[in-house]
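Novice: give the three-dimensional model of this entry:
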Amino acid sequence: MYFKTTQEHEELRAAIREWAEREIKPYAFQMDQNNEFPREQMKDFGKRGYLGLPYPTEYGGMGKDILSYAIGVEELSRVDGGTGVILSAHVSLGAYPIFAYGTEEQKRKYLVPLAKGEKLGAFGLTEPNAGSDAGGTETTAELVGDYYLLNGEKIFITNGGEADIYVIFAVTTPDIGTRGISAFIVEKGWEGFTFGDHYDKMGIRSSATAQLLFDNVKVPKENMLGKEGQGFKIAMATLDGGRIGIAAQALGIAQGAYEAAVEYAKEREQFGGPIAQLQAIQFKIAEMATKIRAARFMVYSAAELKENHEPYGMEAAMAKKYASDICLEVVNEALQVFGGSGYLKGMEVERFYRDAKICTIYEGTNEIQNVVIASHILGKAAKASSAPAKAKKKTAVTGPRKNMILKDGTAKERVERLVEALKADGHDFSVGIDINTPIGEAERVVSAGKGIGSKENMKLIEDLARASGAAIGSSRPVAEQLHYVPINRYVGMSGQKFSGNLYIACGISGAVQHLKGIKDAATIVAINNKASAPIFKNADYGIVGDVNEILPLLTAALDDGKAKKPAPPMVKMKRKARKEPAAAPVGRYVCMGCGYEYIPELGDEAGEIAPGTKFKDLPQEWICPECGEEKSSFIPAAKE
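Specialist: I've put the predicted structure just below:
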């Protein structure tokens, strides 16, 4: 078979390449350095019709085929991988579900401005507990009159914060797994729909990636996409097509790195001539070119299958997997050709190297692509039971917590109840530590998030830290973007870890990266004005309220007017008290890894172990809910 693109395809390629070379390439380094979204460039790109490449002209699109769209993503990615995924996420994820499953009214209202490039689209599926396993979705949509009330969060959303129209997936019928998920069209600007941090990524930094937060967002019934319960089906069908876009992105990144390596090999002289004359370099170039050609055929073939309404799921998965795998290989070899020069910031090949990796992760990891491919070849594995699987209850990122969230009563009454509970737990506020104590050594920390507002409000954090005898911490944006505190004060998975006794999170929404940095805290207190903020699900105590009102009251309640006595060496407090059963402690087992005690009378709710289950009857695959140690790591605390 001899495959060749048409003259129309190549004219389109030339036009988009010329635009990308002029409008994106000169600014790619700046966008990468500043984590900067190319707003003006994408507006111009949209005005030219390219954001609607594969959609019919009757809906405002260019009326081109899927291959034309793949070429568009490829050419943008050839100069900047981040810009390429802006187009991919908009076309494949933001607009496609509306085109494929929307009513005529929904298409006129939403698809037309998306295809015309007047608005940007995005797709919200991923959550802290729902990545490759979309069945773990926890965002909910409850029907109340003419609206669905949307509550929850989405993470790692491409075009997040920049897009105007979002396709969001939420549970409308709990406890029936994927059959209870529905899809909705949600508009930016609706009350209760806000955005968390713009993630600071290793690569594709010109692409906006953000957390979406939903707090009782009213979604009109007519904005449901498809029928109730069809959300999972819509998501999976959308991702099939989206993989063509990511495969094209990987192809473009590889092409850009390859071209840079070829050019450099011709001009870099060593041993009396260009290094392109060296067989070692020639073989690298040959390998790169071969892999790119094979990947291009796979990407274009999947695009043609979709265009012609042929089954393409397996081919799209193959293209995404292969193109992203060889992309990593090509950029690695291209950087090797450049040698030390390629390792410097500002070099295109260094940016391509960082941009490449994400292509093996999003739109389904390459391990998931293997699952998809194998299921097409071998068929899906038979289910162990015909009965519908019960949705597994997910634990918080920070592990089991008390979740005593105070919403009722006056602000002063809520603060008094919080202080009373903390003192009853054994927190002694007559002693304290220096507010500049290193986070890793601190027994207590009062931490500021973006929700505290202006820098002047840091005075509230400092006052509370002194009144509670704590050090000062922050979320990453407060330290890195706002510069309210030094960078060594930020707490999170990639920052300082807190494992002391008391962590008070003020105006912190609760991004996963932050939560993983405090998961070992004995007690977590959250103060936030949004009741649906993820931090509350991960806290022992919480007050729903304005930090500007709550913090002064809490400071006053903890300040007895006396100077704090120096805190003694920290003794780690138990994290969460569990209710003890009245029955005698028989048949208990203790985890040698963390000291967790399995109590048969309580079972393990999070692990779906019913109360009354004896240790010997636990499934062999059961693990410690606290530290993940296997069943074999437990020893008896009392006779069975």
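
Novice: ok, residue 57 - contacts?
Specialist: Counting by Cβ atoms under 8 Å, 6 or more residues apart in numbering, residue 57 touches residue 63. Just so you know, the C-beta spots here come from the backbone N, C-alpha and C atoms, and that holds for glycine as well.

Novice: hang on, residue 211 in a strand?
Specialist: Yes - assigned with DSSP: H, G, I helix; E, B strand; the rest coil, residue 211 falls within a strand.

Novice: for residue 191, see how far away the residue lying closest to residue 31 once chain neighbours are set aside is.
Specialist: Distance criterion Cβ to Cβ, 6 or more residues apart in numbering; nearest residue to residue 31, sequence neighbours excluded, is residue 206 at 3.8 Å. Remark: distance between residue 206 and residue 191 (Cβ to Cβ, to the nearest Å) = 30 Å.

Novice: who has more neighbours, the two?
Specialist: residue 206 (27 against 9; other Cβ atoms under 10 Å).

Novice: can you give me the strands in the stretch 401-550 of the chain?
Specialist: Ranges of strands within the stretch 401-550 of the chain are 404-406, 431-432, 444-448, 471-474, 502-506, 523-528, 541-544, based on DSSP state E, counting those that start in this stretch.

Novice: the second one packs against which elements?
Specialist: In terms of contacts (3 or more Cβ pairs under 8 Å, 6 or more residues apart in numbering; DSSP states H and E), strand 431-432 is packed against strand 565-566.

Novice: sheet partners, orientation included, of the strand it packs on?
Specialist: Strand 565-566 has the following sheet partners, assigned by DSSP bridges: strand 431-432 (parallel).

Novice: mean confidence score for the strand it pairs with?
Specialist: Per-residue pLDDT over strand 431-432 has a mean of 94.

Novice: use 283 as the first number for this chain going forward.
Specialist: That works, and once the first residue is 283, the last one we named lands at strand 713-714.

Novice: so how far is that strand off the chain centroid?
Specialist: Between the centre of strand 713-714 and the centre of its host chain there is 38 Å, according to Cα atoms, centre = their mean, to the nearest Å.

Novice: returning to what we had before: adding mean neighbour count and distance to residue 870, write the strands of the stretch 683-832 of the chain out as CSV.
Specialist: Formatted as CSV, the strands of the stretch 683-832 of the chain follow (neighbours: other Cβ atoms under 10 Å; distance: least, Cβ to Cβ, whole Å):
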stretch, mean neighbour count, distance to residue 870
strand 686-688, 17, 26
strand 713-714, 18, 35
strand 726-730, 30, 32
strand 753-756, 29, 37
strand 784-788, 28, 29
strand 805-810, 27, 25
strand 823-826, 24, 28
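
Novice: okay if I get those as JSON lines plus distance to residue 335?
Specialist: Below are these laid out as JSON lines (distance: least, Cβ to Cβ, whole Å):
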{"stretch": "strand 686-688", "distance to residue 335": "47"}
{"stretch": "strand 713-714", "distance to residue 335": "61"}
{"stretch": "strand 726-730", "distance to residue 335": "44"}
{"stretch": "strand 753-756", "distance to residue 335": "43"}
{"stretch": "strand 784-788", "distance to residue 335": "44"}
{"stretch": "strand 805-810", "distance to residue 335": "42"}
{"stretch": "strand 823-826", "distance to residue 335": "45"}
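
Novice: which one, of those strands, ends up nearest to residue 319?
Specialist: Distance to residue 319, taken as Cβ to Cβ, is lowest for strand 753-756 among the strands of the stretch 683-832 of the chain, at 24.2 Å.

Novice: just say helix, strand or coil for the most centrally placed residue in the chain.
Specialist: Taking Cα atoms, centre = their mean as the criterion, residue 438 is the residue nearest the geometric centre of the chain, at 2.6 Å. Here residue 438 is recorded as strand under three-state DSSP.

Novice: residues near the residue lying closest to residue 312 once chain neighbours are set aside, how many?
Specialist: Take residue 312 and drop its neighbours on the chain: the residue closest to it by Cβ to Cβ, 6+ apart is residue 318, 6.7 Å away. Residue 318 has 14 neighbouring residues, counting by other Cβ under 10 Å.

Novice: with residue 791 instead?
Specialist: By other Cβ under 10 Å, the residues close to residue 791 number 25.

Novice: gap between it and residue 494?
Specialist: Between residue 791 and residue 494 the computed distance is 11 Å (Cβ to Cβ).

Novice: do the same with residue 393
Specialist: Counting by Cβ to Cβ, the gap from residue 393 to residue 494 is 21 Å.

Novice: picking up where we left off before, surely the residue nearest to residue 312 and residue 488 touch.
Specialist: Yes - if you go by Cβ atoms under 8 Å, residue 318 and residue 488 touch, sitting 6.3 Å apart.

Novice: surely residue 889 and residue 904 touch.
Specialist: Yes - counting by Cβ under 8 Å, residue 889 does reach residue 904; the two are 6.1 Å apart.

Novice: what sits against the residue nearest to residue 312?
Specialist: Going by Cβ under 8 Å, 6+ apart, residue 318 touches 312, 487-488.

Novice: quick one: which of the strands of the stretch 683-832 of the chain is nearest residue 539?
Specialist: Per Cβ to Cβ, nearest to residue 539 of those: strand 753-756, 37.3 Å.

Novice: please compute how far that closest one lies from its chain's middle.
Specialist: Between the centre of strand 753-756 and the centre of its chain there are 25 Å (Cα atoms, centre = their mean).

Novice: quick one: neighbours of residue 618, just the number.
Specialist: Around residue 618 there are 14 residues (other Cβ under 10 Å).

Novice: can you tell me how far the closest residue to residue 470 other than its chain neighbours is from residue 886?
Specialist: Excluding the flanking residues, the one nearest residue 470 by Cβ to Cβ, 6+ apart is residue 446, at 5.0 Å. Using Cβ to Cβ, residue 446 is found at 44 Å from residue 886.

Novice: what about the helices in the stretch 733-882 of the chain?
Specialist: For the stretch 733-882 of the chain, applying DSSP state H, counting those that start in this stretch gives helices covering 740-750, 758-762, 794-797, 816-819, 829-840.

Novice: the ones you listed: which one's closest to residue 405?
Specialist: Comparing these under Cβ to Cβ, the one sitting nearest is helix 794-797, at 18.7 Å.

Novice: send me the closest one as CSV with only the CA atoms.
Specialist: The C-alpha atoms that make up helix 794-797 are tabulated as CSV, following Å, rounded to 0.1, in the frame of the first residue of the first chain:
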residue,chain,number,x,y,z
VAL,A,794,-3.9,16.6,45.7
GLN,A,795,-0.3,17.7,45.6
HIS,A,796,-0.8,19.7,48.8
LEU,A,797,-2.8,17.0,50.6
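
Novice: check what contacts it and list those residues.
Specialist: Residues external to helix 794-797 that are found in contact with it (Cβ under 8 Å, 6+ apart): 410, 437, 678-680, 757-758, 773-776, 790, 816-817, 820.

Novice: can you select the buried ones from those residues in PyMOL?
Specialist: Of the contacts of helix 794-797, the buried ones go into a single PyMOL selection, burial set by 16 or more other Cβ atoms under 10 Å:
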select buried, resi 410+437+678+679+680+757+758+773+774+775+790+816+817+820
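
Novice: tell me the least confident of the contacts of helix 794-797?
Specialist: Lowest pLDDT among those: residue 678, with 79.

Novice: tell me what the helix or strand residue 425 falls within is packed against?
Specialist: Residue 425 is part of strand 422-426 when elements are defined by DSSP states H and E. For strand 422-426, the elements it packs on are strand 429-440, strand 447-453, judged by 3+ Cβ pairs under 8 Å, 6+ apart.
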